[in-house]
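Chemist: predicted model follows, preceded by the sequence.
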Amino acid sequence: MLEQTLDVRFTEVSVPGCGRITTRTYNGTVPGPTVRVRGGQTLSLTHINGLPPNPPHTGGHNTPHHPNSFNLHTHGMHVSPSGHADNVLREFAPRTPDEAAAGAPEPRYVTTVHVPADHPAGTYWYHPHLHGAIAEQIVGGMTGVIIVEGDVDEVPEIRAATDLVVCINELKVKDGKIPAFTSGAWVTGVPSVFTVNGTVNPTLRLRPGEMQRWRLVAATAFTALRLRIAGDRDGLPMHQIAQDGVTFAKPVAQNMLDLSMGNRADVLIRGGTPGRYELRAEGVPGPLMTIEVEGEPRRPPMELPASLPPGKPFLDERDITNPHADREVIFHADARVFTGAFPNAFRVLGTGATPAADPHGDLTHDPAYGLFDPHHTNHTLRLGTIERWSVRTDETVPAHSHPFHLHTNQVLLTHRNGQRLDPPIWHDTIGLNGGKPGDSATFLVKYEDFTGHAIAHCHQLHHEDLGMMQAVHYVDPQSPARTDLAAGLGTS
Ligand SMILES: [Cu+2]
């Protein structure tokens with residue numbers, strides 16, 4: 001059993017390059033502690049909710065609310081979504097005003113996650129996932145990295161490389177605080193501050209010929225990152241060895257790496273010509289991190305591994321259980337349809353879309369159509385079956401980036417915009433860019449091991465809080481009764 005306490009309260013933290021900010025933290029730091037676990041182990045996380053009581057909320061469930069309640073998501077991990085595990089339908093509430101006034105103890109909530117023995121070894125992350133409260137908490141820095149240790153770490157060339165977490169956060173700071181998410185204008189009206197491991201543009205040192213393993217984590221809420229390492233003359237290539245926690249069969253050299261919100265990539269970086277380099281994200285004004293290549297060269301230079309232990313076997317299109325029943329997901333926004341501070345409707349249409357409140361009315365103005373409804377199951381997914389999903393966006397607004405994220409089961413990306421990927425790549429989150437209607441992704445997924453209620457959603461977290469989310473139900477066709485018992489919508 002691996003135990004970790006995560007104490008959540010408002011803390012004044014020092015963010016070098018940004019100043020002192022007061023924000024909700026895990027254990028007083030941004031990001032929170034890195035948790036290391038191995039397949040076969042049980043992770044026990046005890047949350048203490050030391051936040052103040054929630055402010056009253058009068059709007060619907062698809063507007064931001066309960067900013068002082070949270071829960072826990074182990075993003076990307078193939079673990080149970082039920083009971084007290086990776087169950088994002090729980091609520092870790094703070095004390096009520098009466099309890100706080102009476103000096104009642106701060107509530108504690110335990111999350112117990114059994115990591116399967118054959119879980120892919122790699123980089124994952126944790127963050128709160130209470131619908132309506134996610135964006136405000138994540139842009140305050142409530143994120144942390146989970147490392148699943150295992151076979152890939154034993155590859156000699158990787159074992160020899162320094163293992164570094166590079167957790168990229170996107171903070172929204174105004175007057176030393178994280179502004180309350182009271183309007184949609186907040187997303188663009190407050191500039192983002194990007195940090196790596198809690199510092200704006202930290203400096204990292206690397207010797208010529210030295211190799212490091214970076215665990216890149218896009219713990220951002222609103223911004224997709226197109227990364228490169230720029231130098232005075234040439235940059236440094238990134239040798240990608242894993243995507244979203246799943247190891248490749250061999251390293252893939254990339255000069256540019258796309259990480260949508262929630263994605264991770266493990267890369268090997270080798271120091272080249274001495275000098276100053278910068279990890280940059282397209283569209284972000286300053287560097288995310290500075291790399292100084294200096295010092296005594298490593299001789300001979302450290303080598304890249306020729307091959308790797310692939311993290312997860314591929315699925316085959318010929319094994320699709322019902323080839324005539326592909327699922328389709330369409331990210332669609334309707335602008336200026338609601339009154340109030342959040343006028344835009346961010347909908348998920350296609351197979352299993354949430355029905356309209358008025359099917360005969362104007363769908364663009366419908367308050368339910370394609371929006372999250374906790375009482376409606378959008379997808380019933382049967383364990384043991386392999387299905388194909390296509391996800392696309394019909395957005396014409398370039399600013400709308402919609403990363404699709406399915407909980408509980410990793411998905412095998414086979415096509416982008418109709419073009420086959422060779423080889424296909426395991427993901428848990430797949431970015432789709434707005435401004436290019438029809439931008440699409442096709443993936444295969446096998447529903448395995450775990451029953452219960454989970455979700456699929458857009459990982460642009462403003463969209464998610466406003467309802468760009470679907471409920472999925474993993475069921476066991478062999479034992480439907482047991483499935484319902486195990487489903488566990490428990491609240492603590
Ligand atoms: Cu979206």
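Modeler: Sure, I can see it.

Chemist: could I get the phi/psi values of the closest residue to the ion within the stretch 301-450 of the chain?
Modeler: Proximity to the ion, evaluated over the stretch 301-450 of the chain using C-beta to the ion, is greatest for His402 at 3.5 Å. C-beta here means a position set from N, CA and C on the backbone, and glycine is covered the same way. As for His402, its main-chain torsions (degrees, to the nearest 10) stand at phi -120, psi 90.

Chemist: so which bits of the stretch 301-450 of the chain are right by the ion?
Modeler: His402 (C-beta under 5 Å from the ion).

Chemist: the stretch 301-450 of the chain: strands as residue ranges?
Modeler: 327-334, 345-350, 379-382, 386-393, 404-406, 411-416, 419-427, 429-430, 440-446 (DSSP state E, counting those that start in this stretch).

Chemist: partner strands of the fifth one and their direction?
Modeler: Each strand that strand 404-406 pairs with, and the sense of that pairing, follows from DSSP bridges: strand 429-430 (antiparallel), strand 452-458 (antiparallel).

Chemist: please apply the same query to the second one.
Modeler: Here strand 345-350 is paired, per DSSP bridges, with strand 327-334 (antiparallel).

Chemist: need the strands of the stretch 301-450 of the chain in CSV (columns: mean neighbour count).
Modeler: Listed next are those as CSV, based on neighbours: other C-beta atoms under 10 Å:
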stretch, mean neighbour count
strand 327-334, 21
strand 345-350, 24
strand 379-382, 18
strand 386-393, 22
strand 404-406, 26
strand 411-416, 20
strand 419-427, 16
strand 429-430, 24
strand 440-446, 21
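
Chemist: now render those strands as TSV, adding mean pLDDT and distance to Gly272.
Modeler: TSV is the format used below for the strands of the stretch 301-450 of the chain (pLDDT from 0 to 100; distance: least, C-beta to C-beta, whole Å):
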stretch	mean pLDDT	distance to Gly272
strand 327-334	96	40
strand 345-350	97	43
strand 379-382	97	46
strand 386-393	97	38
strand 404-406	98	35
strand 411-416	98	30
strand 419-427	97	26
strand 429-430	98	31
strand 440-446	97	34
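
Chemist: distance to Val472 for those - can I get that in JSON lines?
Modeler: Putting the strands of the stretch 301-450 of the chain into JSON lines (distance: least, C-beta to C-beta, whole Å) gives the following:
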{"stretch": "strand 327-334", "distance to Val472": "10"}
{"stretch": "strand 345-350", "distance to Val472": "11"}
{"stretch": "strand 379-382", "distance to Val472": "4"}
{"stretch": "strand 386-393", "distance to Val472": "11"}
{"stretch": "strand 404-406", "distance to Val472": "7"}
{"stretch": "strand 411-416", "distance to Val472": "12"}
{"stretch": "strand 419-427", "distance to Val472": "16"}
{"stretch": "strand 429-430", "distance to Val472": "15"}
{"stretch": "strand 440-446", "distance to Val472": "11"}
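
Chemist: could you pick out the longest strand of this protein?
Modeler: In terms of residue count, the longest strand belonging to the chain (DSSP state E) is strand 2-15.

Chemist: and that strand, what does it pack onto?
Modeler: Under the contact definition 3 or more C-beta pairs under 8 Å, 6 or more residues apart in numbering; DSSP states H and E, strand 2-15 sits against strand 19-26, strand 35-38, strand 42-49.

Chemist: tell me which of those sits nearest to Asp232.
Modeler: strand 19-26 (29.9 Å; C-beta to C-beta).

Chemist: and the closest one with strand 42-49, angle?
Modeler: Taking axes from the mean of the first three to the mean of the last three C-alpha atoms, to 10 degrees, one finds that strand 19-26 is oriented at 120 degrees with respect to strand 42-49.

Chemist: now do strand 19-26 against strand 2-15, angle only.
Modeler: 160 degrees.

Chemist: okay but Thr203 is in contact with Thr290, surely?
Modeler: Yes. Using C-beta atoms under 8 Å, Thr203 is in contact with Thr290, at 4.5 Å.

Chemist: these two: who's more crowded?
Modeler: Thr290 (16 against 11; other C-beta atoms under 10 Å).

Chemist: assumed that one was part of a helix.
Modeler: No. Under DSSP: H, G, I helix; E, B strand; the rest coil, Thr290 sits outside any helix and is assigned strand.

Chemist: hey, what's it bridged with?
Modeler: Applying DSSP bridges, one finds that Thr290 bridges with Thr203, Glu278.

Chemist: show me what contacts it?
Modeler: The neighbourhood of Thr290, defined by C-beta atoms under 8 Å, 6 or more residues apart in numbering, consists of 201-204, 276-279.

Chemist: again with Pro310
Modeler: 247-249.

Chemist: can you check Ala104 too?
Modeler: Contacts of Ala104 were listed using C-beta under 8 Å, 6+ apart, and they are Arg95.

Chemist: try 10 Å
Modeler: The contact partners of Ala104, by C-beta atoms under 10 Å, 6 or more residues apart in numbering, come to 95-96, 98.

Chemist: highest neighbour count among these?
Modeler: With neighbours taken as other C-beta under 10 Å, the top of those is Arg95, carrying 21 neighbours.

Chemist: so it sits against Arg108, correct?
Modeler: No. Under the contact definition of C-beta atoms under 10 Å, Arg95 does not touch Arg108, with a separation of 11.6 Å.

Chemist: just give me the closest of the contacts of Thr290 to the ion.
Modeler: Nearest to the ion among the contacts of Thr290 is Leu279, at 25.7 Å by C-beta to the ion.

Chemist: what's the distance between that closest one and Met238?
Modeler: Summarising the geometry, the distance separating Leu279 from Met238, computed by C-beta to C-beta, to the nearest Å, is 9 Å.

Chemist: now for these two: what residues contact both?
Modeler: Taking C-beta under 10 Å, 6+ apart as the contact definition, Leu279 and Met238 share the neighbouring residues 214, 216, 227-229, 269.

Chemist: thinking again about what came up before, give me the common contacts of Thr203 and Thr290.
Modeler: With C-beta under 10 Å, 6+ apart applied, the overlap between the contact sets of Thr203 and Thr290 consists of Arg276.

Chemist: ok, back up a step: the contacts of Pro310, buried ones only, as a PyMOL selection?
Modeler: This is the PyMOL syntax for the buried subset of the contacts of Pro310, where burial follows 16 or more other C-beta atoms under 10 Å:
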select buried, resi 247+248
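
Chemist: and the ion, which of the helices and strands packed on strand 2-15 is closest to it?
Modeler: Comparison of the helices and strands packed on strand 2-15 against the ion by C-beta to the ion identifies strand 19-26 as nearest, at 23.3 Å.

Chemist: please name the nearest non-neighbouring residue to Ala335.
Modeler: Nearest residue to Ala335, sequence neighbours excluded (C-beta to C-beta, 6 or more residues apart in numbering): Asn344, at 5.2 Å.

Chemist: what about that neighbour, how many neighbours?
Modeler: 16.

Chemist: equivalent analysis for Ser192, please.
Modeler: The number of residues packed near Ser192 is 18, by other C-beta under 10 Å.

Chemist: hey, what's the nearest residue to it once chain neighbours are set aside bridged with?
Modeler: In space, not counting the residues next to it along the chain, Ser192 is nearest to Glu170; the distance is 4.7 Å by C-beta to C-beta, 6+ apart. In this structure, Glu170 bridges to Phe194 when assessed by DSSP bridges.

Chemist: mind listing what Glu170 touches?
Modeler: 138-139, 141, 143, 192-195, 218-223, 225, 261, 281, 284, 461 are the contacts of Glu170 under C-beta under 10 Å, 6+ apart.
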